[in-house]
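**Student:** The sequence and its predicted three-dimensional model are supplied below.
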Amino acid sequence: MRTEEILAAIGTGLWSWDSSAGTVTLDAEAARLLGLPPEPTVRPGDEVRPRFHPADWNEIDGVVNFAIAEDTVAEARMRILDENGEVLRTVRSRSKPVPVKSPGRHVYVLMGTLQEVAEPSAGSASTPLTGDWRRSREAFLLDAGRALAEAGSTEEVLRVAGSLSMPGFSPDGLALFGVAGDRLTVIGHHGHNAGDEEPFTDMLLETDYPAAEVARTGQAIYLSSPEEYRKRFPTTWPLAEGFGRQSWAFLPLISSGRTMGAWMAGFRHSVAFSPDERSVLTTVARMLAQALTRAGAAETERELSLGLQKAMMPSLGPGVPGLTVAARYIPTGGGLQVGGDWYDMIPLPNGRIALVIGDVQGHDVRAAGLMGQLRIALRAYATEGHRPDAVLSRASRFLSGLTDAYGLADGEDASDAMRFATCLYAEADPETGTLDIARAGHPDPVVISVDGTAVIRQTAGGLPLGIDKDADYPTTRVVLGPGETIMLCTDGLIETGGHDMATGWTRLRPVLEEPVADLERLADALVQAVHGPGSHYTTGPLVDRREDDIAVLVLRRDGARTRRSPGRRSAMTIAQAEPERVAAARQQLRELLHDWADSEQIDSAELMVSEMATNVLVHTDGDALLVAEVRGERGERRLRVEVADTSDELPHKRRPGEMASSGRGLVLMEMLADAWGVDPRGEGKSIWFELYESAEPAEFAAAGVS
């Protein structure tokens, strides 16, 4: 006995529906259950569809989509109608949707069984949803809620609303209406042509239109047929008639108890709007209202933030002859897109320019407000003609007085009320390339030489602004050669992503040393290293992965940038009152030689620099000026270090005893240097040494000067 005969004996028929071809294949029993002659047949889908109750047919699309998504069986109960629209019987369909590959189309073949069931009784006005149907609606609402919760703008809310595929009764057109005063406005629409919204835009709320009535009353309106629409709203029916729809749902958008607009869902097929369907539509309308409220608040906040940022962040303006400047500000540490970091470039009365970069403690509105006031104060002090140290001293007193004036807010203690700021102020001379730098607790600048070597340039500094009203801020001079670059940044560029100052610098160094002719590209690359996709693979060792605002300012002295004679150079002053800067000189030299081939030579160079600088501080009354320069191609480079002072007394080579505490400086240089010497000058002298990276024997200079 064939399978079809066995199934027919138990009142079960076989059927398949090809959505691509639009045909339905029925065996004899399936045809009988659908009210057709009991014989195998292949019928067009448009001929078979009227056999199903419209309300039940509207559900089948959602059930099938859910079964495809879950790779399960689509199960549904459907009422079968005769030619007069009377219910013949209720059948249970169990079928497996099989997707069919079709470019640009979503098609499938539905294959399964039809079986008559006793419940609900014939003629029933409604049928309870099956478990699969109810689960599909619950899954739809969960997905819709998640998608709308993630929408961050009105445009995204509209895009999500347009992509909603409601199980069984998906609309083909949507529109969101808002209220502005006494008028109805169109927020957005989906499923319509451009310009279709014009008749409904700027409509009085008193207009006899469903959306206007919903916005006025806060009550939903369901229109199941064109006749019902025409009867209830004859005035505006001509506006809707041209869209060719059969059913409409207009629901209020209610947020925090206030009706903020209306949502229209239009259907090209008839929808009975059963209680379950109305429940789904009402839930979606509530989610849309909440999403629009969140998106509106976020857009207002972004607009405010961008306005504040634009007002507080200066434009670098026209270029300065002899210098090229690029800057970036990335607010990432707080809810508002503006924080306490800032940069500035200030024309000075003496023809120079001042570069300022700073960071006010905190990421809140108060930090942004203090930043704006401090930036204005710094501009005022700078344009008065004060030197860098005086500018920062005055700014510190200003910020200290400003934070005192705020007083304590409710629940705030004194430590919370006090705010400080780090800052670096540099006065640059475009003609000579000199920068006089004063630093208030801020990260040191980085100098990039012509050959691409990036070195942290250690500079003298004082306390952050606002801590000590009488703090001093010593000045350090840095000289940029033609083609050299200096980078100033806030700590957010270094420490974001679980980094400290050491590991953050290690992450940035390859970016700084990558050859880039355009400073704008360099600024972008620095930000990408911290916030781009690659930053996920360069997290630091710290557990705290907090983010921080970023300000970065890059300046290059114009001039030849050739690699045929690569070189790098560093200079610093070691004052009598600052013997601790001998250690800074050693560190700066090690940074300069970070890629030197022989590590023992680096140790030797550090030792000789310590001896030379210490001798100046011990045996003279003046300061020491240290200049270190590397020249040549890698593998054959030459290091030359000079330490100059103002004393005319020349050093003498001695033979110190075993217990002697001095006299070893020149002996060490004779042992460790490839060449060394002492050069008298008009005022003072310069002692120098050279180291050669090449493995070939060096040609020694004079062994000493007596």
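**Tutor:** Structure's in. What do you need? Numbering: from 1, shown residues only.
**Student:** Check the spacing between Phe200 and Ala240 real quick.
**Tutor:** 9 Å (Cβ to Cβ, to the nearest Å). All C-beta atoms are positioned from the backbone trio N, CA, C, and that covers glycine.
**Student:** Ok, Leu36 next?
**Tutor:** For Leu36, the distance to Ala240 - Cβ to Cβ - is 36 Å.
**Student:** between those two, which one's more packed in?
**Tutor:** When Leu36 and Ala240 are compared for neighbours, Ala240 comes out ahead with 21 against 16, by other Cβ atoms under 10 Å.
**Student:** List the residues that contact Pro321.
**Tutor:** Pro430 (Cβ atoms under 8 Å, 6 or more residues apart in numbering).
**Student:** ok so Ile486 is a strand residue?
**Tutor:** Yes: Ile486 sits within a strand when classified using DSSP: H, G, I helix; E, B strand; the rest coil.
**Student:** Quick check: buried residues in stretch 208-220?
**Tutor:** Neighbour-count burial for stretch 208-220 flags Tyr209, Pro210, Ala211, Ala212, Glu213, Val214, Ala215, Arg216, Ala220 (criterion: 16 or more other Cβ atoms under 10 Å).
**Student:** what about the strands in the stretch 601-706 of the chain?
**Tutor:** 624-631, 638-645, 675-680, 685-692 (DSSP state E, counting those that start in this stretch).
**Student:** Can you give the distance from the third one to the centre of its chain?
**Tutor:** Going back to what we said before, that points to strand 675-680. In terms of Cα atoms, centre = their mean, to the nearest Å, the centre of strand 675-680 is set 55 Å apart from its chain centre.
**Student:** Stretch 43-60 now?
**Tutor:** Computed by Cα atoms, centre = their mean, the separation of stretch 43-60 from the middle of its chain amounts to 49 Å.
**Student:** where's Leu522 relative to Gln528, distance?
**Tutor:** Distance from Leu522 to Gln528, by Cβ to Cβ: 11 Å.
**Student:** So which of these two has more stuff around it?
**Tutor:** Leu522 (22 against 13).
**Student:** The more buried one sits in which helix or strand?
**Tutor:** Counting by DSSP states H and E, the element that carries Leu522 is helix 519-531.
**Student:** and that helix, what other elements does it pack with?
**Tutor:** strand 323-330, strand 485-489, helix 491-495, helix 501-512, strand 550-557 (3 or more Cβ pairs under 8 Å, 6 or more residues apart in numbering; DSSP states H and E).
**Student:** what's around Arg146, how many residues?
**Tutor:** For Arg146, the neighbour count with other Cβ under 10 Å is 11.
**Student:** Please identify the helix or strand for it.
**Tutor:** Short version, using DSSP H and E: Arg146 is in helix 131-150.
**Student:** Quick one: residues in contact with the following helix or strand past that helix.
**Tutor:** Moving toward the C-terminus from helix 131-150, the next helix or strand (DSSP H and E) is helix 154-163. Applying Cβ under 8 Å, 6+ apart, the contact partners of helix 154-163 are 144, 147-148, 150-151, 174, 176, 187-191, 263, 288, 291-292, 295-296, 299.
**Student:** which ones among the residues you listed are found in helices?
**Tutor:** Counting by DSSP state H, the contacts of helix 154-163 place Ala144, Ala147, Leu148, Glu150, Leu288, Ala291, Leu292, Ala295, Gly296, Glu299 in helices.
**Student:** Tell me the pLDDT of the last one.
**Tutor:** The score at Glu299 is 73. That number is its pLDDT.
**Student:** And the nearest residue to it once chain neighbours are set aside, how close does it get to Ala297?
**Tutor:** With Cβ to Cβ, 6 or more residues apart in numbering as the criterion, Glu299 has its nearest non-adjacent residue at 6.0 Å, and that residue is Ser153. Distance from Ser153 to Ala297, counting by Cβ to Cβ: 11 Å.
**Student:** Looking at those two, which is more packed in?
**Tutor:** Ser153 (14 against 10).
**Student:** For the more buried one, give its distance to Ala295.
**Tutor:** Applying Cβ to Cβ, the value for Ser153 to Ala295 is 5 Å.
**Student:** hmm, back to that, now render the strands of the stretch 601-706 of the chain as a markdown table, adding distance to Thr383.
**Tutor:** A markdown table is the format used below for these (distance: least, Cβ to Cβ, whole Å):
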| stretch | distance to Thr383 |
| --- | --- |
| strand 624-631 | 31 |
| strand 638-645 | 35 |
| strand 675-680 | 43 |
| strand 685-692 | 39 |
